[in-house]
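In: here's a sequence, model it:
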Amino acid sequence: MNKTILITGGVFGVLSIILGAFGAHGLKALISAESLQTFETGVRYQMYHAFLLLFIGAASFVSEKTKKIAYYLTVIGVLFFSGSIYGLATNSLSTFNFKSIGFITPIGGLFLIVAWILIIMDIIKNYPKND
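Out: Numbering: from 1, shown residues only. As a prediction, this is how the structure comes out:
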């Protein structure tokens, strides 16, 4: 599972860089400044969670059960949160109305929050007491 978590974290990181560059260079002339800021928010949160996955994939003090649950929460959370933000920010460029699925953005955010809380609770419970 650790290898899958680390690879997913790396993929999310690479995609964040690609999407960030695309937003800064490719979308700049196509969407409003406000929409571009929204797009950048999705990129930023995706990168934060790429780092989170790299951390938990490498952490020996986080239980395997917590890693697995946090992994799925994070992946779904990034897809819902950042993915919907990308769609909403570029809504004017598409024939699909992403506003109709905008309700998944806060659901994705909630999944991300729960993943962080779960990891914190696991660290508190399992980290060696002598530190």
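
In: how near is residue 71 to residue 50?
Out: When distance is defined by CB to CB, to the nearest Å, residue 71 is 12 Å away from residue 50. Just so you know, the C-beta spots here come from the backbone N, C-alpha and C atoms, and that holds for glycine as well.

In: please disregard the earlier target; I meant residue 101.
Out: 23 Å.

In: same thing with residue 15?
Out: Taking CB to CB, one finds residue 15 at 8 Å from residue 50.

In: more neighbours: these two, which one.
Out: When residue 15 and residue 50 are compared for neighbours, residue 50 comes out ahead with 22 against 16, by other CB atoms under 10 Å.

In: residue 92 - how many residues pack around it?
Out: Residues within reach of residue 92, counting by other CB under 10 Å, total 10.

In: OK, contacts around it?
Out: Residues in contact with residue 92 (CB atoms under 8 Å, 6 or more residues apart in numbering) are 31, 35.

In: same check on residue 42?
Out: Per CB under 8 Å, 6+ apart, neighbours of residue 42: 19, 81-83, 85-86, 89.
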